[in-house]
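Colleague: Requesting a structural model of the entry that follows:
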Amino acid sequence: MLDKHSQEANNYNVYRTGFLSWIRINQILKRLFSDQPPGFFLEAGALDGEFISNTLHLERELGWTGLLIEADPVLYAALPDKHRRSWSSQSCISPNSYAEVRTFESYRPKNQTDFANELLIRSTGNLEGVMAPAAGRMGLKATYSVQCFPLLSYLLTLNKRDVQYISLDVEGAEADILLTLPWDRVNITVWTIEHRSQNTRFKDHYLEPGGIAVRSVVKQDDVSSPGGDRPSSNKIQKMVYVTQHDPAAGKDDYFVLFMKEKGYRLYDYWDGDYTFIKADSTICRTHLELILVVEVVPVEVVMEVPLDELGVVVEIISVVEVVPVLVVLPEVLVVPFVEVLPIFVVDDIGVVVPLVELMPLVGVVAV
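Modeller: Residues are numbered from 1 along each chain as shown. Okay, here's the model as predicted:
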């Protein structure tokens with residue numbers, strides 16, 4: 001119903017102007033990918049292939065293709081009519097490292113309602129036993145048996161280990177999918193992931209026996225905007241589906257730490273939606289500022305000491321103090337009398353990582 005004009009179409013398309021989380025993600029994807037060649041995506045939680053789709057713009061406007069995964073049989077039945085130029089599968093991503101048949105809990109409205117609200121309620125369907133955000137509070141439940149496969153299995157089937165974008169919104173199973181993913185066998189550039197901090201799977205991963213002990217996780221401020229056109233979190237208010245809360249709050253620092261360890265930087269957080277970019281990618285270098293910490297020790301300046309005819313020192317300069325300097329690309333740093341300069345990168349949780357071991361500098365350094 002993207003280009004149709006009728007009362008039903010207007011009701012269906014209300015998400016395009018009224019669903020602020022979808023609008024924000026759509027703006028981010030346009031910013032990241034508009035100047036990139038066509039890529040491959042995977043969208044898990046694809047619904048009917050159009051309603052609040054995170055990948056439709058990539059396919060329709062930028063020439064991408066990909067894989068659409070939807071577990072709800074009612075929603076998936078409507079997908080062929082959308083004429084998407086992508087693979088599709090009526091199945092689910094397994095929260096385990098093996099294929100399995102699981103029970104899928106679908107929801108329909110308790111009372112007669114409009115088309116968009118019905119789709120919204122159906123979009124909260126979840127696998128039985130997971131900590132779903134809506135927790136079945138939005139409609140009447142119906143259950144189905146659904147075949148689930150590990151995320152890697154889908155990619156191997158299509159011979160696609162290099163994926164430019166994955167949208168993972170499967171109502172509570174995201175953490176287990178990521179925890180069981182063999183990260184060394186895939187190369188994903190950008191992720192959009194729904195995750196609520198009430199789901200403690202990432203915290204448990206670090207604190208439980210056998211996990212990695214973590215004494216503390218550095219609390220991060222909201223991610224600074226790398227682009228001037230990003231929506232401002234203090235200017236947008238939103239009525240959420242079940243309750244009201246601050247959409248800029250609730251970031252799970254254990255989740256951010258987990259993704260950082262997998263090689264990703266947090267680009268955006270809003271209302272439970274995280275966008276991560278692979279740190280060594282061109283997109284990351286383009287859209288996330290690289291902060292350099294330049295650490296310089298005091299340098300002794302050796303000068304010829306002038307003496308008068310009686311052997312008295314006329315003037316002496318012994319030591320020049322050079323203080324550490326914080327530089328944000330692409331500025332130019334002037335460092336007088338410095339011969340060797342170590343350079344370090346500070347990542348998104350404050351850990352100092354060597355960028356280059358040693359760099360000889362004389363006079364002016366362009367960074």
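
Colleague: Phe256 reaches Arg265, doesn't it?
Modeller: You called it Phe, but residue 256 is Val. No: Val256 is beyond contact range of Arg265, at 9.2 Å (criterion: Cβ atoms under 8 Å). Backbone N, C-alpha and C define where each C-beta goes, glycine included.

Colleague: Report how many residues lie close to Met131.
Modeller: When neighbours are counted by other Cβ atoms under 10 Å, Met131 registers 15.

Colleague: cool, and Phe276?
Modeller: As a burial measure, Phe276 scores 25 neighbours (other Cβ under 10 Å).

Colleague: With Glu50 instead?
Modeller: Glu50 is flanked by 21 other residues according to other Cβ under 10 Å.

Colleague: Likewise for Gln147?
Modeller: 15.

Colleague: Could you do the one 3 residues further on as well?
Modeller: When counting by other Cβ under 10 Å, one arrives at 20 neighbours for Pro150.

Colleague: Between Val256 and Arg265, which has more neighbouring residues?
Modeller: Val256 (24 against 20).

Colleague: Secondary structure element holding the more buried one?
Modeller: Per DSSP states H and E: Val256 is located in helix 253-261.

Colleague: which secondary structure elements does that helix contact?
Modeller: On a contact count with 3 or more Cβ pairs under 8 Å, 6 or more residues apart in numbering; DSSP states H and E, helix 253-261 meets helix 174-179, helix 201-207, strand 264-270, strand 273-278.

Colleague: Those into JSON lines, with extra columns for distance to Ala9 and mean pLDDT?
Modeller: Converted to JSON lines, the helices and strands packed on helix 253-261 look like this (distance: least, Cβ to Cβ, whole Å; pLDDT from 0 to 100):
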{"stretch": "helix 174-179", "distance to Ala9": "31", "mean pLDDT": "97"}
{"stretch": "helix 201-207", "distance to Ala9": "39", "mean pLDDT": "93"}
{"stretch": "strand 264-270", "distance to Ala9": "27", "mean pLDDT": "95"}
{"stretch": "strand 273-278", "distance to Ala9": "26", "mean pLDDT": "97"}
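
Colleague: So which of these is nearest Asp252?
Modeller: Smallest distance to Asp252 across these (Cβ to Cβ): 6.1 Å, for helix 201-207.

Colleague: isn't Thr55 right next to Ile69, touching?
Modeller: No: Thr55 is beyond contact range of Ile69, at 11.1 Å (criterion: Cβ under 8 Å).

Colleague: Point out where the stretch 201-350 of the chain drops to low pLDDT.
Modeller: Where the stretch 201-350 of the chain drops to pLDDT under 70, the residues are 209-246, 290-350.

Colleague: the strands in the stretch 51-200 of the chain, which residues?
Modeller: Per DSSP state E, counting those that start in this stretch, the stretch 51-200 of the chain carries strands over the ranges 65-69, 87-89, 92-93, 100-108, 126-127, 140-149, 162-168, 187-194.

Colleague: Please give me every residue in contact with Tyr267.
Modeller: 28, 32, 190, 223, 226, 275-277, 287-288 (Cβ atoms under 8 Å, 6 or more residues apart in numbering).

Colleague: Ok, Lys262 next?
Modeller: Shown in contact with Lys262 (Cβ under 8 Å, 6+ apart): Trp183.

Colleague: Pipe the helices and strands packed on helix 253-261 into TSV and attach distance to Val146 per row.
Modeller: TSV is the format used below for those (distance: least, Cβ to Cβ, whole Å):
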stretch	distance to Val146
helix 174-179	15
helix 201-207	21
strand 264-270	29
strand 273-278	24
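
Colleague: Any idea which of these gets closest to Leu75?
Modeller: Of all the helices and strands packed on helix 253-261, helix 174-179 sits nearest to Leu75, with 18.4 Å by Cβ to Cβ.

Colleague: Sort out which residues of the closest one are buried, please.
Modeller: 174-178 (16 or more other Cβ atoms under 10 Å).

Colleague: next one: stretch 180-200
Modeller: In stretch 180-200, counting by 16+ other Cβ under 10 Å, buried: 180-181, 186, 188-196, 199.

Colleague: which one of those is nearest Leu127?
Modeller: Nearest to Leu127 among the buried residues of stretch 180-200: Asn199, at 13.0 Å, using Cβ to Cβ.

Colleague: Pull the contacting residues for the residue lying closest to the closest one once chain neighbours are set aside.
Modeller: Of all residues not flanking Asn199 in the chain, Met131 sits nearest, at 4.9 Å (Cβ to Cβ, 6 or more residues apart in numbering). By Cβ under 8 Å, 6+ apart, the contact set of Met131 is 172, 196, 198-199.

Colleague: Also Thr180?
Modeller: 94-97, 150.

Colleague: so how far is Ala9 from it?
Modeller: 40 Å (Cβ to Cβ, to the nearest Å).

Colleague: now, the most widely separated pair of the contacts of Met131?
Modeller: Taking Cβ to Cβ, no two of the contacts of Met131 sit farther apart than Gly172 and Gln198, at 9.6 Å.

Colleague: Which neighbours do these two have in common?
Modeller: Counting by Cβ under 8 Å, 6+ apart, the residues touching both Gly172 and Gln198 are 131, 133.
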